[in-house]
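Undergrad: Quick one, fold the following:
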Amino acid sequence: MTAGRLAGYAALGVLGIMVGAAGSLVQAGWFPLGLLLALAGAAGLFWGGALLARTRAGAAVPAAGWALTVLVLTASRPQGDFIFAAGAGSYLFLLGGMTTAVLCATLAPTERPMFAVPPSGAGVSR
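TA: Predicted structure coming up:
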């Protein structure tokens, strides 16, 4: 693994943390459109990471940063403050984000370039 790839994964991890924190605030603040915006941002990051890295780790690294951030923010503080209320929107954000992360990591295109065109005559039976 090269230094450039490691730096790319580190950047994806930091972006995952940032998207998780921003999505946690937006999903409750502007419900229901905030929930859709937060999930779309997470899905875009996971899928974009998979496309850029051409590996499943490209989707898994930002997903791990997202999940770590979201799970830390679910804990309430001793003063009684919390980010996630016990409501449908919070649960949809948690489960929808995790489902999106799994789908992006599973469906990541790793074997060939995204827009590769097969040579003329390859795979054509006559």
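Undergrad: What helices and strands are in contact with the lengthiest helix in the chain?
TA: Determined from DSSP state H, the single longest helix within the chain is helix 3-29. Packing partners of helix 3-29 (3 or more Cβ pairs under 8 Å, 6 or more residues apart in numbering; DSSP states H and E): helix 33-53, helix 57-74, helix 88-106. Glycine gets a C-beta too; all of them are placed from N, C-alpha and C.
Undergrad: between it and helix 33-53, what angle do the directions make?
TA: Relative orientation of helix 3-29 and helix 33-53, computed by axes from the mean of the first three to the mean of the last three Cα atoms, to 10 degrees: 170 degrees.
Undergrad: How far does helix 3-29 sit from its chain's centre?
TA: Centroid separation for helix 3-29 versus its chain: 8 Å, with Cα atoms, centre = their mean, to the nearest Å.
Undergrad: so which of the helices and strands packed on helix 3-29 comes closest to residue 16?
TA: Closest approach to residue 16 among the helices and strands packed on helix 3-29 is made by helix 57-74 (2.7 Å; Cβ to Cβ).
Undergrad: Report the buried residues of the closest one.
TA: Neighbour-count burial for helix 57-74 flags 57-67, 69-70, 73 (criterion: 16 or more other Cβ atoms under 10 Å).
Undergrad: same question, stretch 27-39
TA: For stretch 27-39, by 16+ other Cβ under 10 Å, it's 27, 28, 31, 34, 35, 38, 39.
Undergrad: could you give the mean pLDDT of that stretch?
TA: Averaging pLDDT along stretch 27-39 gives 89.
Undergrad: who touches it?
TA: 22-24, 26, 83-85, 87, 89-90, 92-93, 96-97, 100 (Cβ atoms under 8 Å, 6 or more residues apart in numbering).
Undergrad: Farthest-apart pair in these, please.
TA: The largest distance within the contacts of stretch 27-39, taken as Cβ to Cβ, falls between 85 and 100 and amounts to 21.3 Å.
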